[in-house]
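Asker: here is a sequence together with a model predicted from it:
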Amino acid sequence: MTQEFTSSADERPSKSQLKREMHALQALGEKIIALRDAERARLPLSDDLLAAVEETGRIHSREARRRHMQYVGKLMRREDLDAIHAVFEQMEQETQRRDLAFHRLERWRDRLIDEGDAAVEAFIADHHDVDRQALRQLVRNARQERERDKPPTNARRLFRLIRDTAGL
């Protein structure tokens with residue numbers, strides 16, 4: 001008889017484990033609250049949770065917010081956590097792709113400024129629809145700015161031109 005009692009007691013999660021799970025749900029709720037409305041709209045959330053998330057913005061008291069986050073954590077138990085995590089993963093991958101694209105554009109900008117006409121020709125070969133005259137002018141001005149230790153106004157304009165040409 002003691003074996004049956006011990007095995008059923010071992011199957012239940014400990015109080016500490018339940019607390020960790022509750023804090024994890026509250027942390028996920030905090031991440032959802034921190035999202036912009038457009039990002040939050042992508043998540044498969046219930047109406048109750050959406051109302052609680054929107055209510056959070058009106059709570060200013062520290063203690064009231066703590067209690068409200070406990071409520072959000074409680075509501076999170078009913079949500080499809082796998083679907084929510086999948087959307088967060090998708091948003092993270094989109095952010096990484098966008099960051100990589102911007103780094104690639106930054107390398108183009110630096111290469112254009114450093115190498116001059118050879119890099120300009122290579123860029124034009126890759127992007128036929130670029131405004132060649134504006135590109136050459138911005139490269140020339142950005143090089144002069146760099147040589148004179150001036151603020152990189154034209155380098156920023158060059159980056160914008162590259163970004164717009166690449167369609168980002």
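Answerer: Noted; the coordinates are in hand.
Asker: do a quick rundown of the helices in the protein.
Answerer: Counting by DSSP state H, the chain has these helices, from start to end: 2-11, 15-34, 37-41, 47-56, 62-76, 81-115, 117-126, 132-147, 153-166.
Asker: let me see the contact set for the nearest residue to residue 40 once chain neighbours are set aside.
Answerer: Of all residues not flanking residue 40 in the chain, residue 32 sits nearest, at 6.3 Å (CB to CB, 6 or more residues apart in numbering). For glycine as for every other residue, the C-beta is placed from the backbone atoms N, C-alpha and C. Residues in contact with residue 32 (CB atoms under 8 Å, 6 or more residues apart in numbering) are 40, 43, 45, 49, 53, 84.
Asker: farthest-separated two in these?
Answerer: Pairwise distances across these (CB to CB) peak at 12.2 Å, for the pair 53 and 84.
Asker: name the residues contacting each of these two.
Answerer: With CB under 8 Å, 6+ apart, residue 53 and residue 84 have common neighbours 32, 45.
Asker: could you dump the helices of the chain to TSV with mean pLDDT?
Answerer: Formatted as TSV, the helices of the chain follow (pLDDT from 0 to 100):
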stretch	mean pLDDT
helix 2-11	55
helix 15-34	90
helix 37-41	91
helix 47-56	92
helix 62-76	92
helix 81-115	93
helix 117-126	88
helix 132-147	91
helix 153-166	91
